[in-house]
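# Structure here, sequence nowhere to be found:
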């Protein structure tokens, strides 16, 4: 289960990945878990949040655009991305965002 | 059910609202639906995406910071925000983000 990511003071970056799955999701869950574990080891990784019901929303947080670019071109991640387009995803939209401000509430 | 938001060409803004619920969620669902319907009528509204399993992630998209500020201070929304802090949410984090770039895939 995902938690609210404990990110540092802005500014920092986010990759917002919104998606719907196809009917061919063999291996999807395992690869998704693997990719999060791999992302955590990347330089500039700051955190991760995800939820799915109907659509899936996964957000990874990064120090800067350079770390996002490096993660996008990481070799195992490239294979997973290709597999996603070939099989798993029906549709997706990726948005690269500069987090300018944040605030939080804790009971 | 939420869909992938059909947003215009960047740049535009997003409010990423990540949250966990408390045990007191009476009226939460109804108000959440109402707030989305109300947001849609606000100036500068561009789209909305949400998913929940464990954590909830709701993202609303806006033309600019001025439209986000106006929505934050909308009177019925202010009441819902207070009710959220008083009852519904255990924790939340709100991030204001400038969407710089996006790309998509459709099968």
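In hand now; what should we look at? The structure presented is a predicted model; accordingly, all values stated were derived computationally and were not measured. Numbering: from 1, shown residues only, chains lettered A, B, ... in the order given.

# For residue A:99, list each beta-bridge partner.
According to DSSP bridges, the residues that bridge with residue A:99 are residue A:12, residue B:97.

# Oops, could you answer that again for residue A:60 instead?
residue A:15, residue A:48.

# give me every residue that touches it.
A:14, A:15, A:17, A:39, A:45, A:47, A:48, A:71 (CB atoms under 8 Å, 6 or more residues apart in numbering or on different chains). (Each C-beta comes from the backbone N, C-alpha and C, glycine too.)

# mind putting these in CSV, neighbour count included?
Output for these, formatted as CSV (neighbours: other CB atoms under 10 Å in any protein chain shown):
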residue, neighbour count
A:14, 25
A:15, 18
A:17, 17
A:39, 18
A:45, 18
A:47, 19
A:48, 18
A:71, 19
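
# for these, which one is nearest chain B?
Within the contacts of residue A:60, distances to chain B taken as CB to the nearest CB reach their minimum at residue A:14, with 6.0 Å.

# buried residues in the longest helix along chain A?
Ordering each helix of chain A by length in residues (DSSP state H) puts helix A:28-40 first. For helix A:28-40, a neighbour-count test (16 or more other CB atoms under 10 Å in any protein chain shown) marks A:28, A:31, A:32, A:35, A:38, A:39 as buried.

# Stretch A:17-30 too?
By neighbour count, and taking 16+ other CB under 10 Å as the criterion, the buried residues in stretch A:17-30 are A:17, A:18, A:19, A:20, A:21, A:28.

# which residues touch the longest helix of chain A?
Identification of contacts with helix A:28-40 by CB under 8 Å, 6+ apart yields A:21, A:45, A:48, A:50, A:60, A:71, A:74, A:76, A:77, A:80, A:83, A:88.

# What ranges does chain A have for its helices?
A:28-40, A:65-72, A:75-83.

# can you put the ones you listed in CSV and add mean pLDDT?
Shown next, in CSV, are the helices of chain A (pLDDT from 0 to 100):
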stretch, mean pLDDT
helix A:28-40, 97
helix A:65-72, 97
helix A:75-83, 96
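
# Nearest to residue A:100 among those would be which one?
With distances scored as CB to CB, the stretch of the helices of chain A nearest to residue A:100 is helix A:65-72 (14.6 Å).

# Distance from the chain centre to that closest one, please.
Taking the mean C-alpha point of helix A:65-72 and that of its whole chain, the gap between them comes to 12 Å (CA atoms, centre = their mean, to the nearest Å).

# Give the buried residues for it.
Under the neighbour-count criterion of 16+ other CB under 10 Å, helix A:65-72 has A:67, A:68, A:71 buried.
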